[in-house]
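In: dropping the sequence and predicted coords here.
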Amino acid sequence: MEVTSRFARKTQKRFDVSTNARHRKILALDWDIRTLRIVHAQIGKRGVKIDRILSVAIGPDVDVNDPTQLGGHIRRTLEQEGISTKHTIVDVPRDQAILKLLSLPAARTEDLPGIVQIQIAKELPFAAGEAVIDFAVSGGKVEASNQDVLVAAIRREVLQQYEATIEAAGLKLDRIGLRPYANKIAACAQLRFAMPERVVFIDVRPALTEIDFIRDSALSFSRAASVAIPVDARESREVRSGELRLAMPQAVDDGAFGEPSAREFPSTPTAMESGGIIQSLLVEVTRSIEAYRADDVGAQIDHALIAGDSGVEEALAEAMQKRLGIPAELYNPASSFGWEAQEGAAASAFAASLGLVLGHADAGSLQFDFLHPKRMVSRTQTRLRIAPKVGAIAALFVIAVVVWFVRTTAPARARLVELDNQISELTTKKSDGKKLLEVMDIIHGFDDRQLVWVDVLLDVLNCLPDTRELVLTQVDLLQKDGEILLKTKAATRETAANVEQKFREFRREGRTQQRFEVSAGAQTEKKGEKYPFWQDFRVTVLNYEVGVKKSTESRP
């Protein structure tokens, strides 16, 4: 094993990101069929410091799909380079993930996992139980009633393969991200001072080129295009002691790394070969743009950013401008990390690895992590948070109930204890005893007529369908009248009638008495909305005595 190209950098300059991560060293690994890329970084409260960047050839004797072989290759590389850091983050390429952009009702962050699990299950070509599902929310414009959530799913065997590879390398896996999302982070870091509205990021790889579309700083579309890139005998770069030197790579002969020899170097693609590669890449970029426009009709791409080290990136950037009219530039992280431009150019193929590090440092945003996917909330919590407004007041409601209980019933109960103690002393005094008993009746009546709203709300939720059919926009609890006012939006006209019928038929377990009486208001329709049928319901809790009955017993 030989390091065929290396770009190493030691610097005290940090990328300015806010992070809650502990100060620690991290390795970001990214590989394709030909190259292993390693970024060694430190993440602290002040931001990210890149210590070292390495690009290592993967020989034909190493099967990248075999965790034992690839893990051993990684381990030997780290040992040879004297890197002892164990904490590692990796990314999953686009072709191994199902990626969907879902437009969901605006909801609290903790409610999103449950909503995502329900929606993405309908989009997967395989059972949800066979997948690891995670999502990311970052950047982009958020409307008042909807938000875009990027959801990705990988098969469990893909996750297991990454875990086995890192274990074979003798490392500790901290996070598994998504390569297109890591590229998005790297692109936004480079363009952060003048971010165009729509950017296409092209990560040129030996077999599969990833094409990612970024709109308003959010990843909105991504695909992997099959374009074979032949081996290019370019000069490798090595930075030592702040001075850039050029070093030729080791030659490949009969599957083994040998001594450098001019006749053994792989030939650079001819002009005809390069022209064919550029044409194939342009065709795939054009197809990707048309696929992207299916959801963003008539969209114009404002800028192109091209990453890679295959030797065709500059020609592709020039062709993008001439043939597609899209301003293009090569990915260069120099401005992101305070490097010299020439140093950044040598790291053009490290967009995914650098994006992984920057994303890992930004603990305040929701990003992809297939190793620790965001969990779905419990069924009870989901039902109590049917609509955004109900979800927002759920915690406050519990607190309000406790405060109300303490303020209203605690004094009465304390008085009741006091009166119970006095009854034994007043039994011989009929008139005084009768007055005390009347007070007792009033207090007991006060307790009996108080509704337990938590129980009532649970019964109400049992009468409502799930959020695909109906959502609540407002809930008013009328203690005095024993009523609940529900404002709803439904997907179909018949939903309201079904809800009204369920309220009338509902019986509590073990009882035959009707629990609710319901009256429905006029139904209005707002066309064009996801839930066009608006209607109010007034639900009355039966067997509830309003007011205090005065005693008919004559006074002495």
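Out: Nice, I can see it.
In: ok, now how distant is Ser220 from Phe368?
Out: Distance, Ser220 to Phe368, using C-beta to C-beta, to the nearest Å: 15 Å. In this view, the C-beta of every residue, glycine as well, is placed from N, C-alpha and C.
In: the two: which is more packed in?
Out: More neighbours surround Phe368 than the other of Ser220 and Phe368, with 27 against 20 (other C-beta atoms under 10 Å).
In: that one against Asp134, yeah?
Out: Yes. Taking contacts as C-beta atoms under 8 Å, Phe368 lies within contact range of Asp134: 5.2 Å.
In: what's the overlap in contacts for those two?
Out: Common contacts of Phe368 and Asp134 (C-beta atoms under 8 Å, 6 or more residues apart in numbering): Ala152.
In: hey, which helix or strand in the protein has the poorest pLDDT?
Out: Every helix and strand of the chain was ranked by mean pLDDT, DSSP states H and E. The lowest is strand 256-257, at a mean of 28.
In: list the buried ones in the next helix or strand after that strand?
Out: Later in the chain than strand 256-257, the nearest helix or strand by DSSP states H and E is helix 271-293. In terms of neighbour count (16 or more other C-beta atoms under 10 Å), helix 271-293 has its buried residues at 274, 277-278, 280-282, 284-285, 288-289, 292.
In: what do you get for stretch 159-175?
Out: 159, 161-162, 165-166, 168-169, 171, 173-175.
In: going by distance to Ser336, which of the residues you listed wins?
Out: Closest approach to Ser336 among the buried residues of stretch 159-175 (C-beta to C-beta): Arg175, at 20.2 Å.
In: the closest one: what secondary structure?
Out: Under DSSP: H, G, I helix; E, B strand; the rest coil, Arg175 falls in the strand class.
In: surely it meets Val357?
Out: No. Counting by C-beta under 8 Å, Arg175 does not reach Val357; the two are 10.6 Å apart.
In: shared neighbours, these two?
Out: Shared contacts of Arg175 and Val357 (C-beta under 8 Å, 6+ apart): Ile89.
In: that older thread, in JSON lines: the buried residues of stretch 159-175, plus pLDDT, secondary structure and distance to Lys184.
Out: Compiled in JSON lines, those are given as follows (pLDDT from 0 to 100; DSSP: H, G, I helix; E, B strand; the rest coil; distance: C-beta to C-beta, whole Å):
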{"residue": "Leu159", "pLDDT": "94", "secondary structure": "helix", "distance to Lys184": "22"}
{"residue": "Gln161", "pLDDT": "95", "secondary structure": "helix", "distance to Lys184": "24"}
{"residue": "Tyr162", "pLDDT": "96", "secondary structure": "helix", "distance to Lys184": "20"}
{"residue": "Thr165", "pLDDT": "96", "secondary structure": "helix", "distance to Lys184": "24"}
{"residue": "Ile166", "pLDDT": "96", "secondary structure": "helix", "distance to Lys184": "24"}
{"residue": "Ala168", "pLDDT": "96", "secondary structure": "helix", "distance to Lys184": "30"}
{"residue": "Ala169", "pLDDT": "95", "secondary structure": "coil", "distance to Lys184": "27"}
{"residue": "Leu171", "pLDDT": "95", "secondary structure": "coil", "distance to Lys184": "25"}
{"residue": "Leu173", "pLDDT": "94", "secondary structure": "strand", "distance to Lys184": "22"}
{"residue": "Asp174", "pLDDT": "92", "secondary structure": "strand", "distance to Lys184": "20"}
{"residue": "Arg175", "pLDDT": "93", "secondary structure": "strand", "distance to Lys184": "16"}
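In: which two from these end up farthest apart in space?
Out: Pairwise distances across the buried residues of stretch 159-175 peak at 18.2 Å for Ala168 and Arg175 (criterion: C-beta to C-beta).
In: list the helices and strands the longest helix along the chain packs on?
Out: Identified as the longest helix of the chain according to DSSP state H is helix 388-426. Applying 3 or more C-beta pairs under 8 Å, 6 or more residues apart in numbering; DSSP states H and E, one finds that helix 388-426 makes contact with helix 379-384, helix 430-448, helix 453-462, strand 470-478.
In: ok, now which ones touch Gln69?
Out: Applying C-beta under 8 Å, 6+ apart, the residues contacting Gln69 are 62-63.
In: got the buried residues for the helix or strand harbouring it?
Out: Gln69 belongs to helix 67-81 when assigned by DSSP H and E. Residues of helix 67-81 classed as buried: 67, 69-74, 77-78, 81 (neighbour count, 16+ other C-beta under 10 Å).
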